[in-house]
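>>> would you be able to build a 3D model of this:
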Amino acid sequence: MNKKGIMSLPFGMIFSIILIAAIIGIGFYTINYFVNLGKCTEIGLFYQDFQDKVDRAWNSEITRDEFVGKLPNGIKSVCFGDLSQTLGRTGKEYDALRKYRNVDANMFLYPPEKSCGLEYRKIEHVDFSELDVFSCFSTTGGQVRIKLEKGSFDALVKIKR
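Okay, the predicted model is just below:
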């Protein structure tokens, strides 16, 4: 009597199943990679668009404008300030970002782990004197609104609430 296992599949069939599973796995990995790349690109474009808007305001005589920037859904706040000068400051944003107090930056994204390694940036030509030492602007629906203002005798663009 010839005893075989309950299920016997030819080698070609087993190889085909393994190959299909590998192709599906690689497909999911590739889709996930490009979706995350899109989020990182969106953050980089946000920084560039903000700097461009600040530069346009800085080059003009008088400006009173509002920057509306789009960010990925994971970003909850855009924060401004000098983290090295905020001793005694507390708050969830500050606590999460204080590890960057030794970098030359004045704009931060909260939470930093959702920002693709682009947690901070140095923005040129801005004045934060009308804000607290460390201030955050919340995102709503993936957008953040930041008021920019420059008078005729101002050297820098002021960021306002």
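>>> could you use CA atoms for every contact and neighbour count after this?
Noted.
>>> output the lowest mean pLDDT helix or strand found in the chain.
helix 92-97 (a mean of 86; mean pLDDT, DSSP states H and E).
>>> tell me the helices and strands packed up against that one.
Packing contacts for helix 92-97, counted by 3 or more CA pairs under 8 Å, 6 or more residues apart in numbering; DSSP states H and E, involve strand 107-110.
>>> the strand it packs on - contacts with which helices or strands?
Using 3+ CA pairs under 8 Å, 6+ apart, strand 107-110 sits against strand 77-81, helix 92-97, strand 120-121.
>>> most tightly packed of those?
Among those, strand 77-81 has the highest mean neighbour count (mean count of other CA atoms under 10 Å), at a mean of 22.
>>> tell me the contacts of the most centrally placed residue in the chain?
In the chain, the centroid-proximal residue (CA atoms, centre = their mean) is residue 115; its distance is 3.7 Å. Applying CA atoms under 8 Å, 6 or more residues apart in numbering, we find residue 115 in contact with 40, 43, 74, 75, 109.
>>> show the pLDDT at it.
Among the per-residue scores, residue 115 holds a pLDDT of 91.
>>> distance of it relative to residue 72?
8 Å (CA to CA, to the nearest Å).
>>> check residue 18 too.
36 Å.
>>> same question for residue 39.
From residue 39 to residue 72 the distance is 6 Å (CA to CA).
>>> rewinding a little: please report which of the contacts of residue 115 has the highest neighbour count.
residue 109 (25 neighbours; other CA atoms under 10 Å).
>>> I figured that residue hits residue 74, correct?
No - if you go by CA atoms under 8 Å, residue 109 and residue 74 don't touch, sitting 10.1 Å apart.
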